[in-house]
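> need a 3D model of the following:
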Amino acid sequence: MKYQMLLLGGTVVAIVVGVVLILAVFVIGIFNGLVGLRNRVKNAYAQIDVQLKRRYDLIPNLVETAKGYMKHEKETLEAVINARNQAASAASAASKDPTAPGAIQNLAGADGALTGALGKLMVVVEQYPDLKANTNMLQVQEELTSTENRVAFSRQAYNDSVLGYNNKREMFPSNIVAGVFGFKFAQSWELDDEAARDVPKVNF
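A predicted model of the protein is given here:
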């Protein structure tokens, strides 16, 4: 009788250990899957970051070239530089952790403001034919347009990665593991208005 009880007890322990091991493997699998998707989001943002840095590097060249022709448009030029600096600061903050609350939203807002400031500059540039024909301006314009296209492409790839990560994070039972281990919701890059959905018109 005693032997049977010991055998039964050993069986129960083995079953419990087996269930715990299966559960642990299951949780580890979900955890690793979430990590992989989160890293994909971070990598996708890194691609945006590369293009944004190129864009921010080009804008001072654009403003410097325009400055020689637009001596009475100091306010417009300063608005572009200020918007550029704010956007660069927001991009730097987002690059540390694009899944941090508000990081992408702040960047999208700052980048939208920069797009608006560039649009206003382009309207003013239309009044300066010599500036429109300037070789350096034409080169910067071409590089900026190319960069804007890459930003748009990278932004779409980022949003696709965010969607995959958020779906996994919200589905049962992944949502339990995500909650326990602190996997945060990732913000997609949404444009605030229709005007910002278009690549800034920098053609001369």
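
> and the helix or strand that contains residue 78, what does it pack onto?
For residue 78, the host element (DSSP states H and E) is helix 74-96. Helices and strands touching helix 74-96, by 3 or more Cβ pairs under 8 Å, 6 or more residues apart in numbering; DSSP states H and E, are helix 2-67, helix 103-125. For every residue, glycine as well, the C-beta is placed using N, CA and C.

> can you show me the CA trace of that helix as CSV?
The C-alpha coordinates for helix 74-96 follow below in CSV (Å, rounded to 0.1, in the frame of the first residue of the first chain):
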residue,chain,number,x,y,z
LYS,A,74,14.7,85.6,-43.2
GLU,A,75,11.6,84.5,-41.2
THR,A,76,10.7,81.8,-43.7
LEU,A,77,14.3,80.4,-43.8
GLU,A,78,14.5,80.5,-40.0
ALA,A,79,11.2,78.6,-39.7
VAL,A,80,12.6,75.8,-41.9
ILE,A,81,15.7,75.5,-39.8
ASN,A,82,13.8,75.5,-36.5
ALA,A,83,11.4,72.9,-37.8
ARG,A,84,14.3,70.8,-39.1
ASN,A,85,16.0,71.0,-35.7
GLN,A,86,12.9,70.0,-33.8
ALA,A,87,12.3,67.1,-36.2
ALA,A,88,15.9,65.9,-35.8
SER,A,89,15.6,66.0,-32.0
ALA,A,90,12.4,64.0,-32.2
ALA,A,91,14.0,61.5,-34.5
SER,A,92,17.0,61.1,-32.2
ALA,A,93,14.6,60.4,-29.2
ALA,A,94,12.6,57.9,-31.3
SER,A,95,15.8,56.1,-32.4
LYS,A,96,16.5,55.1,-28.7
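
> and it with helix 103-125, angle?
On the basis of axes from the mean of the first three to the mean of the last three Cα atoms, to 10 degrees, helix 74-96 is oriented at 160 degrees to helix 103-125.

> what does helix 74-96 rub up against?
Residues from elsewhere that reach helix 74-96, judged by Cβ atoms under 8 Å, 6 or more residues apart in numbering: 45-46, 49, 52-53, 56, 59-60, 62-63, 66-67, 70, 100, 103-104, 106-107, 109-111, 113-114, 116-118, 120-121, 124.
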